[in-house]
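**Q** Model the structure of this input:
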Amino acid sequence: MTETRDVPGIDPELDKALSELLAQTGKEAISPRLSELAQRLESALAGAKARRGGSAP
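**A** As a prediction, the model looks like this:
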């Protein structure tokens, strides 16, 4: 999972919500589409983090 803590410009509540979402999608059987969307969200956040000077995985 992407680590987004302590990166300027990333809201801590967004980070917490994303972390919980990704953890939950790993625990529960969900549709492939929802899994894909969660992964796209993670990638988009990593890209935004990289553009703001953070490190992407």
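**Q** use CA for all of it now, contacts and neighbours both
**A** Will do.
**Q** So which residue is dead centre in this structure?
**A** In the chain, the residue lying closest to the centroid (CA atoms, centre = their mean) is Glu42, at 3.3 Å.
**Q** which strands and helices sit next to the helix or strand harbouring it?
**A** Using DSSP states H and E, Glu42 sits within helix 32-51. Under the contact criterion of 3 or more CA pairs under 8 Å, 6 or more residues apart in numbering; DSSP states H and E, helix 32-51 touches helix 12-27.
**Q** so what does the helix it packs on touch, helix or strand wise?
**A** Using 3+ CA pairs under 8 Å, 6+ apart, helix 12-27 sits against helix 32-51.
**Q** What residues sit buried inside the helix it packs on?
**A** Residues of helix 32-51 classed as buried: Ala38, Glu42, Ser43, Leu45, Ala46, Gly47, Ala48, Lys49 (neighbour count, 16 or more other CA atoms under 10 Å).
**Q** Switch the residues you listed over to a markdown table; also include distance to Ala29 and pLDDT.
**A** Shown next, in a markdown table, are the buried residues of helix 32-51 (distance: CA to CA, whole Å; pLDDT from 0 to 100):
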| residue | distance to Ala29 | pLDDT |
| --- | --- | --- |
| Ala38 | 13 | 86 |
| Glu42 | 18 | 84 |
| Ser43 | 21 | 88 |
| Leu45 | 23 | 83 |
| Ala46 | 24 | 82 |
| Gly47 | 27 | 85 |
| Ala48 | 28 | 81 |
| Lys49 | 29 | 78 |
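**Q** Would you format these as TSV with distance to Glu20 included?
**A** Shown next, in TSV, are the buried residues of helix 32-51 (distance: CA to CA, whole Å):
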residue	distance to Glu20
Ala38	11
Glu42	12
Ser43	15
Leu45	14
Ala46	16
Gly47	19
Ala48	19
Lys49	18
